[in-house]
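Visitor: Pasting the sequence and the predicted model now:
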Amino acid sequence: MPKVPNYIVGIGGSAGGLIAYKELLDCLPSNTGMAFVIATHILPDASSYLAEILSRHTNMPVMVASTARAIRANHVYVSAPNTDLLIENYTFKVISPRTKRNALVDYLLTSLAEAMGARAIGVILSGYDGDGTEGCKQIKAKGGITFAQDESAEIGMMPISAQVAGYVDFILSPYKIAQELVKISARFPTIKR
């Protein structure tokens with residue numbers, strides 16, 4: 001039976017994010033003991049094939065997050081369109097319709113900080129606007145770790161916003177973020193429950 005993750009990695013992006021998600025997953029092994037949760041800006045009425053697309057870039061199971069779904073190690077979860085995704089006790093709480101336009105990354109990362117404390121990791125990838133900055137602030141306040149994509153971001157506004165605010169530990173390409181996540185995962189074994 002899959003175990004609870006040693007860390008939960010909240011990943012946020014918008015325009016240009018798909019390229020970054022694929023690169024990140026291409027470089028991650030499937031046995032880090034972490035869970036990966038992707039919140040991406042999608043039009044509320046759009047159909048999303050994100051889980052299907054990303055499943056071609058990892059050996060980890062990739063699925064759409066749903067309310068009460070257990071969060072397991074070595075799995076990837078993606079948000080559905082027009083939803084806010086929250087984390088409580090290693091499960092998801094999905095709010096639909098979303099509370100506020102382009103704030104879903106902040107909601108995810110803020111709930112992640114509350115749920116996981118120092119075992120929360122935030123990753124801000126390519127996108128417009130400043131979504132994710134407040135979430136990174138909350139993760140840092142709880143002792144977690146934050147990343148922002150470097151100049152490789154197709155659209156730099158989201159990662160730069162978090163960087164300028166002072167809430168980012170590492171500024172790296174998706175490839176190097178994956179390498180750093182592997183190092184972090186090696187520090188702690190998977191939690192058995």
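Guide: Perfect, I can see it now. Since the structure is predicted, the reported quantities are computational estimates derived from the model, not experimental observations. Numbering: from 1, shown residues only.
Visitor: From one end of stretch 110-126 to the other, what's the distance?
Guide: Taking Cα to Cα, to the nearest Å as the measure, stretch 110-126 stretches 19 Å from start to finish.
Visitor: how far out from the middle of the chain is that stretch?
Guide: Put simply, stretch 110-126 sits 8 Å off its chain's centre (Cα atoms, centre = their mean, to the nearest Å).
Visitor: Tell me the buried residues in it?
Guide: 110-113, 115-116, 119-126 (16 or more other Cβ atoms under 10 Å). (Each C-beta comes from the backbone N, C-alpha and C, glycine too.)
Visitor: ok, now stretch 169-181?
Guide: Applying a neighbour-count criterion of 16+ other Cβ under 10 Å, one finds Asp169, Ile171, Leu172, Ser173, Pro174, Lys176, Ile177, Ala178, Glu180, Leu181 buried in stretch 169-181.
Visitor: Any chance of TSV for the residues you listed, columns distance to Cys27, pLDDT and secondary structure?
Guide: TSV is the format used below for the buried residues of stretch 169-181 (distance: Cβ to Cβ, whole Å; pLDDT from 0 to 100; DSSP: H, G, I helix; E, B strand; the rest coil):
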residue	distance to Cys27	pLDDT	secondary structure
Asp169	19	97	coil
Ile171	17	98	strand
Leu172	11	98	strand
Ser173	9	98	coil
Pro174	7	98	helix
Lys176	9	98	helix
Ile177	8	98	helix
Ala178	4	98	helix
Glu180	11	97	helix
Leu181	9	97	helix
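Visitor: show me the residues around Glu23 that make contact.
Guide: The contact partners of Glu23, by Cβ atoms under 8 Å, 6 or more residues apart in numbering, come to Ser173, Pro174, Tyr175.
Visitor: quick one: pLDDT of it?
Guide: Turning to Glu23, the model gives it a pLDDT of 97.
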